[in-house]
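J.: predicted model follows, preceded by the sequence.
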Amino acid sequence: MSRTLLLKNATVVATMDDEQREIADGAVFITDNRITAVGPTAELPTDADQVIDLSGHVLMPGLVNTHHHMFQSLTRALPAAQNAELFDWLSALFPVWGNITPEMMTVSAQTSMAELMLSGCTTAADHAYFYVNGSRLEDNLEAAHRLGMRYHGVRGAITLGHSQGGLPPDHVVERDEDAVLKEMQRVVETHHDRADDAMIRVALGPSSPFTVSPDLMRQSAVLARDLGVLMHTHTAENAKDLAFSQERYGMTPAQFAEETGWVGDDVWHAHCVHLDDHGIKLFGRTGTGVAHCPCSNMRLASGIAPIRKMLDHDVKVGLGVDGTASNDGNDLLGEARQAMLVARVRHEDPTAMSAREALWLATRGGARVLGRDDNIGRLAPGYCADLIAFDLNDIAYAGGQIDPLASLLFSAPRRVAYSIINGRTVVDQGRLTPIELPALVEQHNRLARQLVDG
Ligand code: ZN
């Protein structure tokens, strides 16, 4: 038996469809996990198994996060990593992360997802590259199942220890790259769902040129294409990253990506703060995606990515909060606001990015980067029922009612009033329904303390 849900009377429904329609007094009708109708409330059916009155709310597609490391919620605000650039920051954190347990992976993923969902995120890509003490991607998948989040688990890896010229200490890397490739294949074959309404997808993701061998970059690209899954890594994040690429490989990061097979419609790169003009054109021409993470790039003093230029060259761009130890939040709506602000700073141009463009990147942009433009990221019949609503009666929006949609970014970021993922209400009147937050926070804090105390 089908189950129906009607969301009606929304002050505005921002569809993010190709016409960018914004429907006043709008409604969305959902049957099971799919959107079946979108339009003015007066034109939609009036009856459903459940009806939610969204008077005084903005309704829009759920936000898509294209880059994260969820385990890092365990080490937010670690004093030794508070004032460090990327390489020093990693060097301070790697030894601490070396004590992470499978339980810590699951609980930190639950924490990250819970906060993400409250910020409007309904789909998240998690670049999980750190495996010690028996941890596996399954630890994170358990959290996704529990929270009901649409989850793209990137089976990452770091394999190049300090003795081999890499950045991480030897004892935290997976030294056997053949075993890493086998494990990548196993998790794809076990968990990757090719259905267009998939809740779980798997991608492959050696962490970065300074933490794995070029051979693993090449071989994982071949494997991903054999298996028909996407590929993800970190690229051109800061000045030391560029210097490493030049000194060790005699190439720019974009040249290195091209040389190892890491460009194409099935690839997305995090950061690209220092992607040069050749790289921008290359990525645009080849359909290579970028995960823009402005907060992390500011926090680590990496720079500001040339997103306006990338968009002007047809580069696919989505937003990412990045790991929780460099953001230090799981707030995707806040990230959209930061994307709008830093684009203006970089170009000293108030038209460099509008609020609507930032929200487009957070929805359609992310869906495109994750290869899901035909099933998430917009409100249209046939699309997955991933929707969020913000309560315009919140004090943050007071005075912004002349343009409710834009007011979401021209204000301090607020939590959602409702979030529906795959047809299931996971935030109901501001309350996260799949898990008890106080107990989760208590458990998370206990484990984080245990981790830092070693
Ligand atoms: Zn990252």
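T.: Received, thanks.

J.: for the rest of this, base every contact and every neighbour count on C-alpha atoms.
T.: Noted.

J.: so what sits opposite the most centrally placed residue in the chain in the bridge?
T.: Against the mean C-alpha coordinate of the chain, by C-alpha atoms, centre = their mean, the closest residue is N65 at 2.3 Å. Assessed by DSSP bridges, N65 has beta-bridge partners A124, L319.

J.: list the contacts for it?
T.: Remark: with contacts taken as C-alpha atoms under 8 Å, 6 or more residues apart in numbering, N65 is in contact with C121, T123, A124, A125, G318, L319, G320, V321, L332, A362, G366.

J.: now the third one: how far from I200?
T.: Here the criterion is C-alpha to C-alpha, to the nearest Å. By it, A124 lies 10 Å from I200.

J.: so where's this protein uncertain?
T.: Nowhere does the chain drop to pLDDT under 70.

J.: one more time with 90, if that's ok
T.: Applying pLDDT under 90 to the chain flags the ranges 1, 165-167, 454.

J.: quick one: the helices in the stretch 51-200 of the chain?
T.: 86-97, 102-118, 137-147, 177-191 (DSSP state H, counting those that start in this stretch).

J.: packed most tightly, which of those helices would that be?
T.: Highest mean neighbour count among those (mean count of other C-alpha atoms under 10 Å): helix 102-118, with a mean of 25.

J.: for G264, give me its contacts.
T.: When the contact criterion is C-alpha under 8 Å, 6+ apart, the partners of G264 are F283, T286, G287, T288.

J.: need the contact list for the second one.
T.: In this structure, T286 makes contact with V263, G264, D265, judged by C-alpha under 8 Å, 6+ apart.

J.: before we move on, back to that, name the residues contacting each of A124 and I200.
T.: Residues touching both A124 and I200 by C-alpha under 8 Å, 6+ apart: R150, Y151, H152.

J.: and the gap between the first one and E258?
T.: R150 sits 30 Å away from E258, going by C-alpha to C-alpha.

J.: which one's more surrounded, those two?
T.: Higher neighbour count among R150 and E258: R150, with 23 against 15, using other C-alpha atoms under 10 Å.

J.: okay but the more buried one is in contact with M199, surely?
T.: Yes. Judged on C-alpha atoms under 8 Å, R150 makes contact with M199 at a distance of 4.5 Å.

J.: which residues touch F244?
T.: Per C-alpha under 8 Å, 6+ apart, neighbours of F244: F210.

J.: quickly find the element holding it.
T.: helix 239-249 (DSSP states H and E).

J.: give me the angle between that helix and helix 86-97.
T.: If you take axes from the mean of the first three to the mean of the last three C-alpha atoms, to 10 degrees, helix 239-249 sits at 90 degrees to helix 86-97.

J.: helix 239-249: which residues count as buried?
T.: Using 16 or more other C-alpha atoms under 10 Å as the test for burial, helix 239-249 gives D241, L242, A243, F244, S245.

J.: return the closest of those residues with respect to L440.
T.: D241 (36.1 Å; C-alpha to C-alpha).

J.: can you tell me the closest non-neighbouring residue to the closest one?
T.: F210 (7.5 Å; C-alpha to C-alpha, 6 or more residues apart in numbering).

J.: cool, and Q20?
T.: Spatially, and ignoring its direct neighbours in sequence, Q20 is nearest to A14 (7.3 Å; C-alpha to C-alpha, 6+ apart).

J.: tell me where the stretch 351-454 of the chain has strands.
T.: Using DSSP state E, counting those that start in this stretch, the strands found in the stretch 351-454 of the chain span residues 387-391, 418-421, 424-428, 431-432.

J.: could you dump the ones you listed to TSV with mean neighbour count and distance to H347?
T.: As requested, these are arranged in TSV below (neighbours: other C-alpha atoms under 10 Å; distance: least, C-alpha to C-alpha, whole Å):
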stretch	mean neighbour count	distance to H347
strand 387-391	27	30
strand 418-421	26	34
strand 424-428	20	37
strand 431-432	19	39
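
J.: nearest to N83, out of those?
T.: Proximity to N83, assessed across these by C-alpha to C-alpha, is greatest for strand 431-432 (33.2 Å).

J.: nearest residue to V416 other than its sequence neighbours?
T.: Closest residue in space to V416, ignoring its immediate chain neighbours: F390 at 4.9 Å, by C-alpha to C-alpha, 6+ apart.

J.: over to A143?
T.: Counting by C-alpha to C-alpha, 6+ apart, A143 lies nearest to Q110, which is 5.1 Å off, once chain neighbours are set aside.

J.: OK, contacts around the closest residue to D331 other than its chain neighbours?
T.: Closest residue to D331 apart from its sequence neighbours, by C-alpha to C-alpha, 6+ apart: S119 at 5.2 Å. Going by C-alpha under 8 Å, 6+ apart, S119 touches N330, D331, L332, L333, G334, P413, R414, R415, V416.

J.: just D25 next, same as before
T.: K8, N9, A10, T11, V12, V13, P40, T41.

J.: and the gap between the residue nearest to A448 when sequence neighbours are not counted and A439?
T.: Using C-alpha to C-alpha, 6+ apart and skipping the chain neighbours, the partner closest in space to A448 is L74 (4.8 Å). L74 sits 16 Å away from A439, going by C-alpha to C-alpha.

J.: go on, L275?
T.: In this view, L275 and A439 are 43 Å apart by C-alpha to C-alpha.

J.: where exactly do the helices run in the stretch 251-400 of the chain?
T.: Secondary structure of the stretch 251-400 of the chain (DSSP H, counting those that start in this stretch): helices at 253-259, 277-286, 294-299, 307-312, 332-347, 355-360, 366-369.

J.: contacts for the third one, please.
T.: Contacts of helix 294-299 with the rest of the structure, by C-alpha under 8 Å, 6+ apart, involve 237, 271, 273, 303-305, 321-323, 326-328, 335, 338-339, 342.

J.: most tightly packed of the helices of the stretch 251-400 of the chain?
T.: For the helices of the stretch 251-400 of the chain, the highest mean count by mean count of other C-alpha under 10 Å goes to helix 366-369, at a mean of 27.

J.: I figured the residue nearest to V416 was touching L59, is that so?
T.: Yes. Between F390 and L59 there is a contact under C-alpha under 8 Å: 6.8 Å.

J.: quick revisit: which one's more surrounded, L74 and A439?
T.: Counted by other C-alpha under 10 Å, L74 and A439 do not tie: L74 has more neighbours, with 29 against 10.
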